[in-house]
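Colleague: Would you be able to build a 3D model of this:
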Amino acid sequence: MSINVALAGVGNCASSLVQGIAHYSNGGANEAIGLSHWDMGGYRPKDLRIVAAFDVDPRKVGRDVAEAIFAPPNCTATFCDHVPPTGAIVAMGAVLDGVSPHMLEAPAERSFRIADLPQPSVDEAAEHLKRAGTEVLVNYLPVGSERATAFYAEAALRAGAAFVNAMPVFIASDPAWARRFAEAGLPLIGDDIKAQLGATIVHRTLADLFARRGVRLDRTYQLNTGGNTDFLNMLNRDRLSSKKRSKTEAVQAATERRLDPENIHVGPSDYVAWQKDNKVAFLRLEGRLFGGVPMNLELRLSVEDSPNSAGVAIDMIRAARIALDRGVGGVLEGPSAAWCKHPPRQMRDEEAEAAVEAFLRGDTGSCRH
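Modeller: Predicted coordinates:
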């Protein structure tokens, strides 16, 4: 029993996902470290099979996914020494707005160069997915890829595949897209993956702790730095509107009361090349204790960014396949709220976790048609 997975984008996050599948199929086959669910609906990590992939970088296009994930400009940690060939060859994808112009001017060793190959139409991409037997398409495009994300969402619909939107373009949280996936009977999870123990989930937990302990949160910020192509891409501030909205709403949803815009700042801050895939987050929360006495909390979090999301991606993929097995289409609300920063309906973390368990038990109330 396998899950046929396709990837839109073969960057660092895709690298960690593919390495993780190999790791949990080999030496890590009997360990559950890093996974919230070892077995989910009868599916284990080793049941994921990469059958197709799209990218636009000539260092990746035309290569087996198992090789392409280690090609520059990818720079995430190598934690699986042996990733066997997948048999899936990276196909040329549609560029559209998937590459920020400033990326083409960056030094060659870390820039996205565009392959000199014909770009597929939506129908051609959908046909490629169909031929590969794709059941779940995961969107790993760069931040700001609005048109390119819509391209792959449309391709998934035409190919009859579930869509997992791991980046901050609003598909699951767009009523029009949600309705189309529901009408097609195809599962949809999104938007913008929430890492296993990243800045967003830690920030949410601290904001919730303030509320639970009766501390009035007055203002807060989250500043992030990193050296991967995601941070390089986000130097173009014009591509950041959906990302900032996604991250900010994820934190606002955990506060006792919404903060005024001038009192909350959540978002990427700068690109530091030598950090590579290491992300450093600086959090500060200022509030008032008993009697209105002021206090503040500061925290520094350092994580390898892409592996931090891979286990969550495995859960999202398995949830999508379970919904396919059950004939359930549309947004999966519980999984989206638990694993994404900008789901259609924000939930407290405990509520979202309970909704995931309800979904796994077969309660269709955790889906929205």
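
Colleague: For the stretch 151-300 of the chain, just list every one of the helices.
Modeller: Counting by DSSP state H, counting those that start in this stretch, the segments of the stretch 151-300 of the chain that form helices are 175-184, 199-212, 229-233, 241-252.

Colleague: Out of these, which is the most enclosed?
Modeller: helix 229-233 (a mean of 23; mean count of other CB atoms under 10 Å). C-beta: built from backbone N, CA, C; applies to glycine.

Colleague: Please list the residues outside it that contact it.
Modeller: 11-12, 73-75, 100, 103, 106, 110, 112, 142-144, 224-225, 239, 268, 270-272, 279, 305 (CB atoms under 8 Å, 6 or more residues apart in numbering).

Colleague: I'd say Asn12 and Cys75 touch.
Modeller: Yes: because the distance of 6.7 Å satisfies CB atoms under 8 Å, Asn12 is recorded as touching Cys75.

Colleague: So for the two, which sits in the more crowded spot?
Modeller: Neighbour totals were compared for Asn12 and Cys75, and Asn12 leads with 26 against 20 (other CB atoms under 10 Å).

Colleague: Show the contacting residues for that one.
Modeller: Residues in contact with Asn12, defined by CB under 8 Å, 6+ apart, are 74-76, 228-230, 277, 305-306.

Colleague: Looking at these, which two lie furthest apart in space?
Modeller: Asn74 and Asp305 (11.9 Å; CB to CB).

Colleague: Would you mind measuring from Pro45 to His265?
Modeller: Distance of Pro45 to His265, computed by CB to CB, to the nearest Å: 36 Å.

Colleague: So for the two, which residue has more residues nearby?
Modeller: Between Pro45 and His265, counted using other CB under 10 Å, Pro45 has the larger neighbour count: 28 against 18.

Colleague: Not counting residues beside it along the chain, what's closest to the more buried one?
Modeller: Once flanking residues are discounted, Pro45 sits nearest to Tyr24: 3.7 Å by CB to CB, 6 or more residues apart in numbering.

Colleague: quick one: that neighbour from Val164, how far?
Modeller: According to CB to CB, Tyr24 and Val164 sit 18 Å apart.

Colleague: Of the two, which one has the most company?
Modeller: Val164 (31 against 25).

Colleague: For the stretch 1-150 of the chain, which segments count as helices?
Modeller: Going by DSSP H, counting those that start in this stretch, the stretch 1-150 of the chain shows helices at 12-23, 65-68, 122-131, 146-159.

Colleague: which other residues reach the last one?
Modeller: With CB under 8 Å, 6+ apart as the test, helix 146-159 has contacts from 8, 54, 93-98, 122-123, 125-127, 129-130, 134, 137, 139, 141, 162-163, 165, 167, 169, 171, 177, 180-181, 184, 186, 242.

Colleague: what do you get if the cut-off is 7 Å, keeping everything else the same?
Modeller: Applying CB atoms under 7 Å, 6 or more residues apart in numbering, the contact partners of helix 146-159 are 8, 94, 96-98, 122-123, 125-126, 129-130, 134, 137, 139, 141, 163, 167, 169, 171, 177, 180-181, 184, 186.

Colleague: Would you mark the buried spots in that helix?
Modeller: For helix 146-159, the neighbour count (16 or more other CB atoms under 10 Å) marks 146, 148-159 as buried.

Colleague: ok, now how distant is the residue lying farthest from the centre of the chain from Arg216?
Modeller: In the chain, Gly291 marks the outermost C-alpha relative to the chain mean, sitting 41.6 Å out by CA atoms, centre = their mean. In this view, Gly291 and Arg216 are 11 Å apart by CB to CB.

Colleague: Then Pro343?
Modeller: For Pro343, the distance to Arg216 - CB to CB - is 27 Å.

Colleague: Which one's more surrounded, those two?
Modeller: Counted by other CB under 10 Å, Pro343 and Arg216 do not tie: Pro343 has more neighbours, with 29 against 14.

Colleague: And the pLDDT at the more buried one?
Modeller: The model reports Pro343 with a pLDDT of 97.

Colleague: doesn't Ile171 make contact with it?
Modeller: No: with contact defined as CB atoms under 7 Å, Pro343 does not reach Ile171; the gap is 11.1 Å.

Colleague: Could you list every helix and strand in contact with the helix ranked longest in the chain?
Modeller: For the chain, the helix with the greatest residue count under DSSP state H is helix 307-326. Helices and strands touching helix 307-326, by 3 or more CB pairs under 7 Å, 6 or more residues apart in numbering; DSSP states H and E, are strand 3-8, helix 12-23, strand 136-139, strand 162-165, strand 187-189, helix 333-339.

Colleague: possible to save these as a markdown table with distance to Thr248?
Modeller: Below are those laid out as a markdown table (distance: least, CB to CB, whole Å):
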| stretch | distance to Thr248 |
| --- | --- |
| strand 3-8 | 25 |
| helix 12-23 | 21 |
| strand 136-139 | 21 |
| strand 162-165 | 18 |
| strand 187-189 | 21 |
| helix 333-339 | 16 |
